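Undergrad: this is a predicted model, with the sequence first.
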Amino acid sequence: MRNTPIAPENIRLLIAERIHDPQLRGNIGRATRTSLVKRSAVVSDYADWEEMRAVAHDIKQHVLDHAREYLESFERNASEAGAVVHYAADAEEAVRLIADIAAPHGKRVAVKSKSMTGEEIDLTHALENAGFEAIETDLGEYIIQLAGEPPSHITAPALHKSRGEIGKLFAQKLGIPFSDDPEHLTKVAREVLRRDFLRADIGISGVNFAIAESGSICIVENEGNARLSTSLPKVHIAVMGFEKLLPDFESLSLFLNMLGRSATGQRLTCYTSILTGPRRRHERDGPEQLHIVILDNGRARLLADAALRDALLCIRCGACMNVCPVYQKIGGHGYGSIYPGPIGSVLTPVYFGAERSAGLPFASSLCGACAEICPVGIDLHHLLLRWRERISRRQGKPVERAMMRAFAFVARRTWLFDVAGRLWRVFAPLLRDSRGGLRVPVWSRTRVFPDAPQRSFKQRWAGLQAGSEEE
Amino acid sequence: MNAREKLFGALGRQPGRDPDAGRRTLGERLGTLEYGRGGSEVARFIERAREAGSTALYCASSAEAAAHIATAAERIATATGRTCRCIAATHALLKSMGLQERLRTAGADLGWVTDPALASDATAASGVETAWERYALADIGITVALAGLADSGAIVISSSESESRSVSLLPTEHIALLPAGRILPSLLQAAPLLRVLAGGDGSSAATLVGGPSKTADIEKVLVTGVHGPAALTILVIDDID
Amino acid sequence: MKVSLFIPCLTDQLFPESGLAMLRVLGRLGIDVRYDPAQTCCGQPAFNTGYHHEASVLARKFLDIFDRDGSDYIVAPSGSCATMVAAFYGRELELEPPYDAMADRVRGRVREFTSFLVDVLGVTDVGARFDGRVTVHDSCHALRELHIKRQPRELLAKVRGLELVEMDAAEVCCGFGGTFAVKFESVSAAMAEEKTDAIIRSGAEVVTGVDSSCLMQIDGMLRRRGSRVRAKHIAEILGGEA
């Protein structure tokens, strides 16, 4: 199911599989609630968090407005520092490029730190198909690699799994005695992956922020696997979209103060690596080669799309999905995409095609909690509305369109609207059920539908005017 | 048309040619935000470092710091029943505080980052470990921080000819010495330092270290010591620099 | 001051009592109220589902009725419908001239009922009486688009006999979301379950809010669960005479 975008009918299947699974609901509910509580605790460090959001929003818009200038500057500075900058128009070109860069080196063992851009181009599978051993080293990614599953959250890939499920997985795949103690399981992963770090020829990472003024790439993490992946192997390959660009280190300071807080409730993550070129001559260790692959895959087109371009502001913190009441019920796999939740419902149709993921923008009550929590102030719920307009216009189902047309036809003509209302009130009693409500399609499966009133407001008003009514 | 030309062509169609004015205005707004305006007191730094899971101690002198390191080595020797293995950055401060002597008395081995046996291209002869394996088997890596950030309790370190990336990454524990005068209020004040580090005479890897390695990937249960050091100790020293 | 009533289609057809209660309260305050029975629907259901053409047909009808009706304020017992007109007409819902200009004129005059009372009239005591323990559900549009949070609570605090309690997660969506309620009914129902869990935990006898759509969803789930807690539009609570 990895990276397979879904059609509208399929999303209902995905939801149905999950919504009645109490274990899954419990896992996701607990994990998202914990994230939100921790976030609140450190956001309260700042009385001016809203102003921080506004400045962060404006910095990102500024970079997008001058994307060409900043990308040129980044490329120049990164190259001067000894990095090789490559460009890939789409996913296929990117994986081919990366395989070609990696191929000449050693036994073709690659250690990977977590990268959503890497997931987007399905890099791990592509490398495995090209004959590489591609090892996920982030604990959550390592777990889902063992399980053969896609990630279910953009910062916590194994959020949907309980400790018991992970314990069973380790016992099965690693041949160790069963334990569900998180501490023990983590130590096991540390030992296993340590050997891989030391023997890998290639390290692959994503990029959280790319600093134009110096050509540096910035990677944040808590475990240390990104530092190891980008320090020990001889070759480091970093994948990024141009929307990761920031102008300077001052901007970086703001974004680093917001990213950890929004994602995991930390003031700063344990490690923030600022990497500028491969190892310098006088340094003791570090990669001999640094390759930076800049991926388009629809980003330039998105930039030119005024209605949706704000999605490029995203810094991949995951707060929107933590707070989303829909995500909390179905988890990341319920969206059928590696980008789940509110931002995923906007980006998945962009990067994977609206034809195949048309259901996603509709799987939302448009509550706006995502827009409220987004550290860079993306009006996600409005972006979803814009997608709905586009999808309904191009792919709207004939029955639904006919119903909307009929509703507009009737509601535009007051007399017809009032007549329809009267007819409804005449026939509604036929639908009465035993619960004091009406039996109507779909709704009545789970909720009571209210009984129709005797008269409409309009009729009561007319009565009041005529003096034939008490107020 | 190759991918680069295609992308630049597409980006080139956007309006706006000179980003500097906009960038200046944004920089001014940044400067008014609360996060960049806290204090740089040692007490604030230590409190925030502890909240992030680090051990943070104030040392009136480098001698006191050396004593703390020796105590840590003794603790490890007792717990493991063998000699504690330490590797230190070849830093003037560490050389001058008699670290080698203190650790020998505490029954610990001390190697320096610049030792030939720790050069990353040192090949393994039979029965002898490679440099990386030596690092990985070390109990304590000792470095000197370039700066501390009071609002988060994080330190800034960088790779150099005297400090490898590995010394703060592979050993089981990391001990960092931080001269008190190098504590800054926040990352905003550290931006000029990061800029210099990224420059031609700087470093390929500047790292902000905010605490010991950890994860909450399993049921959001916090576990310390994943791939990086399981413990971070910051010794804030008052009598130097 | 002249006030025009904006009675949403849902209120007109399913919950007329809340509209009448609003009328009663405004009457008590001596407000000159008129109501144009030509109005039908603001177009929100079509707009939310992405059918902008159909929504703009109804938006034009709305603007034709309300733009030059001589009222100072257009008051609705609904946060979502007030949002549709005040926040979306002419913006997210594009309108051709002259309707774009009409939308701009109407925007500043449209008010949700509790916001009209507290923010425009400066009134929090409307002379109401309601015996019972009441909790407030914060409807999403009202909360996030119109910043309505404080106003219902200030009004309820002055209702004689009413004990106000807060539920946890008052700001979490009830799951109605327009057509979402039927298109994704299992998720919608799950959200309603969690909302009603919180209401029951609060110990309230009545849950109130500013939107009949939310209250319909919440009441429908409370009844389905056999709970004795009932949902009541805030206008009906404020309409109870002291």
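TA: Done, it's in. Numbering: from 1, shown residues only, chains lettered A, B, ... in the order given.

Undergrad: which SS class is the residue of the stretch 351-471 of chain A found nearest chain B?
TA: Nearest residue of the stretch 351-471 of chain A to chain B, counting by C-beta to the nearest C-beta: A:Pro375, 12.6 Å away. Yep, even glycine has a C-beta here, placed from its N, CA and C like the rest. Judged by DSSP: H, G, I helix; E, B strand; the rest coil, the three-state class of A:Pro375 is coil.

Undergrad: run a quick neighbour tally on A:Ala238.
TA: Residues within reach of A:Ala238, counting by other C-beta atoms under 10 Å in any protein chain shown, total 25.

Undergrad: what residues are up against it?
TA: A:Ile204, A:Ser205, A:Gly206, A:Val207, A:Ile217, A:Ile219, A:Thr230, A:Leu275, A:Leu290, A:His291, A:Ile292, A:Val293 (C-beta atoms under 8 Å, 6 or more residues apart in numbering or on different chains).

Undergrad: do a quick rundown of the strands in chain B.
TA: With DSSP state E applied, chain B shows strands at B:55-59, B:84-88, B:108-112, B:140-144, B:147-149, B:154-158, B:173-179, B:183-184, B:205-209, B:214-215, B:223-224, B:231-237, listed in chain order.

Undergrad: can you get me the start-to-end distance on stretch B:138-154?
TA: Start-to-end span of stretch B:138-154 (C-alpha to C-alpha, to the nearest Å) is 23 Å.

Undergrad: how about that stretch: buried residues?
TA: B:138-154 (16 or more other C-beta atoms under 10 Å in any protein chain shown).

Undergrad: from the chain's centre, how far out does it sit?
TA: Stretch B:138-154 sits 4 Å away from the centroid of its parent chain (C-alpha atoms, centre = their mean, to the nearest Å).

Undergrad: ok, now stretch C:168-185?
TA: For stretch C:168-185, the distance to the chain centre is 15 Å (C-alpha atoms, centre = their mean).

Undergrad: circling back: now render the strands of chain B as JSON lines, adding mean pLDDT and distance to chain A.
TA: JSON lines is the format used below for those (pLDDT from 0 to 100; distance: least, C-beta to the nearest C-beta, whole Å):
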{"stretch": "strand B:55-59", "mean pLDDT": "97", "distance to chain A": "14"}
{"stretch": "strand B:84-88", "mean pLDDT": "97", "distance to chain A": "11"}
{"stretch": "strand B:108-112", "mean pLDDT": "95", "distance to chain A": "11"}
{"stretch": "strand B:140-144", "mean pLDDT": "98", "distance to chain A": "12"}
{"stretch": "strand B:147-149", "mean pLDDT": "98", "distance to chain A": "8"}
{"stretch": "strand B:154-158", "mean pLDDT": "98", "distance to chain A": "5"}
{"stretch": "strand B:173-179", "mean pLDDT": "98", "distance to chain A": "10"}
{"stretch": "strand B:183-184", "mean pLDDT": "97", "distance to chain A": "11"}
{"stretch": "strand B:205-209", "mean pLDDT": "98", "distance to chain A": "4"}
{"stretch": "strand B:214-215", "mean pLDDT": "96", "distance to chain A": "5"}
{"stretch": "strand B:223-224", "mean pLDDT": "96", "distance to chain A": "4"}
{"stretch": "strand B:231-237", "mean pLDDT": "98", "distance to chain A": "8"}
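
Undergrad: residue ranges in chain A under the pLDDT threshold?
TA: Scanning chain A for pLDDT under 70 picks out the ranges A:1-9, A:107, A:468-471.

Undergrad: and A:Ala110, its phi and psi?
TA: The phi/psi pair for A:Ala110 (degrees, to the nearest 10) reads phi -120, psi 130.

Undergrad: ok, it touching A:Thr137?
TA: No. Using C-beta atoms under 8 Å, A:Ala110 is not in contact with A:Thr137, being 10.0 Å away.

Undergrad: after the helix ranked longest in chain C, next one along is what?
TA: In terms of residue count, the longest helix belonging to chain C (DSSP state H) is helix C:185-202. Next in sequence after helix C:185-202, counting helices and strands by DSSP states H and E, comes strand C:206-209.

Undergrad: just checking, A:Ile330 touches A:Arg18?
TA: Yes. A:Ile330 lies in contact with A:Arg18 (C-beta under 8 Å); the separation is 4.6 Å.

Undergrad: what residues are up against the residue of chain A found nearest chain C?
TA: When distances are taken as C-beta to the nearest C-beta, chain A reaches nearest to chain C at A:Ser365, 2.8 Å away. Going by C-beta under 8 Å, 6+ apart, A:Ser365 touches A:Pro325, A:Val326, C:Cys140, C:Cys173, C:Gly175, C:Phe176, C:Gly177, C:Gly178, C:Phe180, C:Ser188, C:Met191.
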